[in-house]
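S.K.: fold the stuff below for me.
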Amino acid sequence: MDVLITVIVIIALVLVWVMLYDSNRFVVKTYTAEDERIRKPCRAVLLTDVHNKCYGKDNEKLLEAIHGQRPDFILIAGDILTAGPKASMEPAINLLGKLAEKYPVYYANGNHEHRLKLYPEVYGDMARRYGEALQEIGIRPMVNSHTDLPEYGIAVYGSQIHERFYKRFRLTKMEPGYLPEILGQAPEELFTVLLAHNPDYFPRYAAWGADLTLSGHIHGGVARVPFWGRGVVSPAWHLFPRYDGGIFREGERTMLLSRGLGIHTIPVRIFNPGELWVVEFRNRKF
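M.R.: Predicted structure coming up:
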């Protein structure tokens, strides 16, 4: 019995150490997108699910890592802040302000940004104040809109799907015509990047025409099972979600699913450090 208790205590201490370690660090990962429509090589940094997390004073460690990648632009797939009646928006605004000083920023909302607008009776004027702060630093969120980058041969779309697609415990069906209705048609002549916070609908994103979908939301499944590598639970309380983190494919279409940088709801990470993704865009002929 003494041996068993000792083993349990050791395991518990190891898990606590891993939890504290992984909840306060991030790793840098790189993905290369190659397509003949890409006219000029470029590099982007993907941010998602920061949830007001600060790595060092004023996010100096995160900013240092971003600057070190020398990106041409920043892509954001939502949840830079946390929706909460008493939550501060300053960490998100400060981070975005420093990024906007150096790079073009293409920002699609996540469910937390969207929630601020949907429930003013809960969040008061947070949506207005956040929108004004973004406008002041020169960022305009992409709400079912797009920006063409002809120099690079890339189109960046930002989607904001209805709140019904974020229901807990069940996956709401998305009809085939929904994305064309809110986004229009993906251009065939440009390599299309879709910023889509919720990865559960990747097959629909691919069918719509997204060559590369950039998502977050799942936080890597909070904890990952060693050796197996699967995430344990999603924010919708799905156990062992199909899309938990990494690279997924539907035919020639790809989704890069970041495990995010912050924590929320279940405020820990276990065997699951934050991720800062660097996306290289290249013409496959060169």
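S.K.: and V193, its phi and psi?
M.R.: phi -100, psi 130 (degrees, to the nearest 10).
S.K.: that one and G158 touch, don't they?
M.R.: No: applying C-beta atoms under 8 Å as the test, V193 and G158 come out as separate, 9.6 Å apart. From N, CA and C alone the C-beta is placed, and that goes for glycine too.
S.K.: spit out the contact partners of the closest residue to G124 other than its chain neighbours.
M.R.: For G124, ignoring the flanking residues on the chain, the nearest one in space by C-beta to C-beta, 6 or more residues apart in numbering is P85 at 7.0 Å. Neighbour list for P85: 122-124, 126 [criterion: C-beta atoms under 8 Å, 6 or more residues apart in numbering].
S.K.: please pick the buried ones from those residues.
M.R.: Buried subset of the contacts of P85 (neighbour count, 16 or more other C-beta atoms under 10 Å): 123, 126.
S.K.: narrow the contacts of P85 to those in helices?
M.R.: 122-123, 126 (DSSP state H).
S.K.: just these now: which is nearest R170?
M.R.: V122 (23.0 Å; C-beta to C-beta).
S.K.: could you measure from that closest one over to L116?
M.R.: 9 Å (C-beta to C-beta, to the nearest Å).
S.K.: also T213?
M.R.: Relative to L116, and taking C-beta to C-beta, T213 is found at 24 Å.
S.K.: of these two, who's got more company?
M.R.: T213 (27 against 24; other C-beta atoms under 10 Å).
S.K.: wasn't the more buried one part of a helix?
M.R.: No: counting by DSSP: H, G, I helix; E, B strand; the rest coil, T213 is not found in a helix; it is strand.
S.K.: check contacts around it.
M.R.: With C-beta under 8 Å, 6+ apart, T213 has these contacts: 193-194, 196, 199, 202, 205-206, 253-256.
S.K.: the stretch 151-286 of the chain: strands as residue ranges?
M.R.: 154-158, 191-195, 212-215, 246-250, 253-257, 274-282 (DSSP state E, counting those that start in this stretch).
S.K.: nearest to V268, of the contacts of T213?
M.R.: When those are compared against V268 (criterion: C-beta to C-beta), the nearest one is P199, at 20.8 Å.
S.K.: burial count for that closest one?
M.R.: The burial count for P199: 25, using other C-beta under 10 Å.
S.K.: go on, L75?
M.R.: L75 is flanked by 24 other residues according to other C-beta under 10 Å.
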